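A.B. asks: Here is the input, now give the coordinates:
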Amino acid sequence: MTFNYIIVRDIDGRSYSLPFTITVNELMRQIQKKIGIPIDKQTLIYAGLEISTYKCYDKKLDKIGISSGSTINITTKMIGG
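C.D. replies: Reported below is the predicted structural model:
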């Protein structure tokens, strides 16, 4: 079965469906628009690993190993610690 979307789950457990064929940059913009987390405060997690946004910023999700229908978790960056 082929999906044309991914699921983004926020820290409160809410899920959002977003287009699959977008880049990491576009995904982060969509998250800012839908959830309200500024791009510079986002941390994306896939399969238990942080997506390295500075290396993957302009790459499409499938080019960095994320399959359609997958779930990406989003958290906010912490200051200090």
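
A.B. asks: any idea which helix or strand carries Asn25?
C.D. replies: Using DSSP states H and E, Asn25 maps to helix 24-35.

A.B. asks: Would you mark the buried spots in that helix?
C.D. replies: Within helix 24-35, the residues that qualify as buried are Val24, Glu26, Leu27, Met28, Ile31, counting by 16 or more other CB atoms under 10 Å. The way it works is simple: take the backbone N, C-alpha and C, and place the C-beta from them, glycine included.

A.B. asks: Need the residues that contact stretch 66-77.
C.D. replies: Here stretch 66-77 makes contact (CB atoms under 8 Å, 6 or more residues apart in numbering) with 1-11, 15, 20, 27, 31, 35, 37, 40-46, 51, 62.

A.B. asks: Pull out the buried residues from it.
C.D. replies: Ile66, Ser70, Ile72, Asn73, Ile74.

A.B. asks: can you redo these as a markdown table with distance to Lys55 and secondary structure?
C.D. replies: What follows is those, written out as a markdown table (distance: CB to CB, whole Å; DSSP: H, G, I helix; E, B strand; the rest coil):
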| residue | distance to Lys55 | secondary structure |
| --- | --- | --- |
| Ile66 | 14 | coil |
| Ser70 | 19 | coil |
| Ile72 | 16 | strand |
| Asn73 | 19 | strand |
| Ile74 | 18 | strand |
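
A.B. asks: tell me the least confident of the residues you listed?
C.D. replies: The lowest pLDDT within these belongs to Ile66, with 91.

A.B. asks: Quick check: that one vs Pro38, distance?
C.D. replies: Shown here: Ile66 relative to Pro38, a distance of 22 Å by CB to CB, to the nearest Å.

A.B. asks: swap in Ser67?
C.D. replies: From Ser67 across to Pro38, the span is 27 Å (CB to CB).

A.B. asks: Just the strands from this structure, written as ranges.
C.D. replies: For the chain, the strands defined by DSSP state E cover 5-9, 15-19, 42-46, 49-50, 71-76.
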